[in-house]
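> model the structure of this input:
(2 chains)
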Amino acid sequence: KQEVTQIPAALSVPEGENLVLNCSFTDSAIYNLQWFRQDPGKGLTSLLLIQSSQREQTSGRLNASLDKSSGRSTLYIAASQPGDSATYLCAVEARYTGANSKLTFGKGITLSVRP
Amino acid sequence: DAGVIQSPRHEVTEMGQEVTLRCKPISGHDYLFWYRQTMMRGLELLIYFNNNVPIDDSGMPEDRFSAKMPNASFSTLKIQPSEPRDSAVYFCASSLWDSPDTQYFGPGTRLTVL
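Sure, this is the predicted structure:
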């Protein structure tokens, strides 16, 4: 059974700091990995999706990397801002036969960026 | 598009009562997912539909939970009878047939069972 772990559960940093959020998964046979953002009282918004054949994806100040063999992914946030404060979840997808697909989520890292 | 719509946003009920959560997916989307989020277990997939047909309900915790999708624009998740341990935020998400992994989430329904 796939398990996704995100440690620590919470992180507080001063504005302007570059930071790395970590995600690990137990089964390397994944189809892709996604990073989501969740704001309080809101649903999830997909930030970046990395296919299993890719090593990284970039969007603005965000960069996500994937190392399937070691079962790890990182989300790098450059020059953090208070508006980045949110919970960040990673999720892996294992594609089964018959075109079924399921996302397995980590519990998330709650980030607070202090002005 | 208004995005995925869920109702109610908050529900407080007493143990033993029936609870019905509702979801309207994004128009044209073929996949619909129901998730539950708790502090202890995180976000878990309960069930998902493709073209209104349930594909995988292995995440449904027990027979007290049931989900239906009578048409492409509406789905319900019902809990009968409800228990305090069902208290959680329930999310609905939808996606297109050619990119089921790009899911658009609704705002969620916060359920409290007393």
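> who touches B:Ser82 in this structure?
By Cβ atoms under 8 Å, 6 or more residues apart in numbering or on different chains, B:Ser82 lies in contact with B:13-19, B:64, B:111, B:113. Quick note: C-beta positions are derived from backbone N, CA and C, even for glycine.
> make a markdown table from the residues you listed and add distance to chain A to it.
Converted to a markdown table, these look like this (distance: Cβ to the nearest Cβ, whole Å):
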| residue | distance to chain A |
| --- | --- |
| B:Thr13 | 20 |
| B:Glu14 | 24 |
| B:Met15 | 25 |
| B:Gly16 | 28 |
| B:Gln17 | 24 |
| B:Glu18 | 25 |
| B:Val19 | 19 |
| B:Arg64 | 22 |
| B:Leu111 | 14 |
| B:Val113 | 19 |
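> now the buried members of the residues you listed.
B:13, B:19, B:111, B:113 (16 or more other Cβ atoms under 10 Å in any protein chain shown).
> in strands, which of the residues you listed fall?
B:13, B:19, B:111, B:113 (DSSP state E).
> in terms of secondary structure, what does the host helix or strand of B:Glu11 contact?
In this structure, B:Glu11 sits in strand B:10-13 according to DSSP states H and E. Other elements packing on strand B:10-13 under the criterion 3 or more Cβ pairs under 8 Å, 6 or more residues apart in numbering or on different chains; DSSP states H and E are strand B:19-24, strand B:109-113.
> reformat the ones you listed as a markdown table; add mean pLDDT.
Formatted as a markdown table, these follow (pLDDT from 0 to 100):
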| stretch | mean pLDDT |
| --- | --- |
| strand B:19-24 | 98 |
| strand B:109-113 | 97 |
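> between those strands, which one is closest to A:Cys90.
Comparison of those against A:Cys90 by Cβ to Cβ identifies strand B:109-113 as nearest, at 23.4 Å.
> partners of that closest one in the sheet?
Sheet pairing for strand B:109-113, assigned by DSSP bridges, gives strand B:10-13 (parallel), strand B:88-95 (antiparallel).
> pull the residues that contact that strand.
With Cβ under 8 Å, 6+ apart as the test, strand B:109-113 has contacts from B:6-15, B:17, B:19, B:21, B:79, B:82-91.
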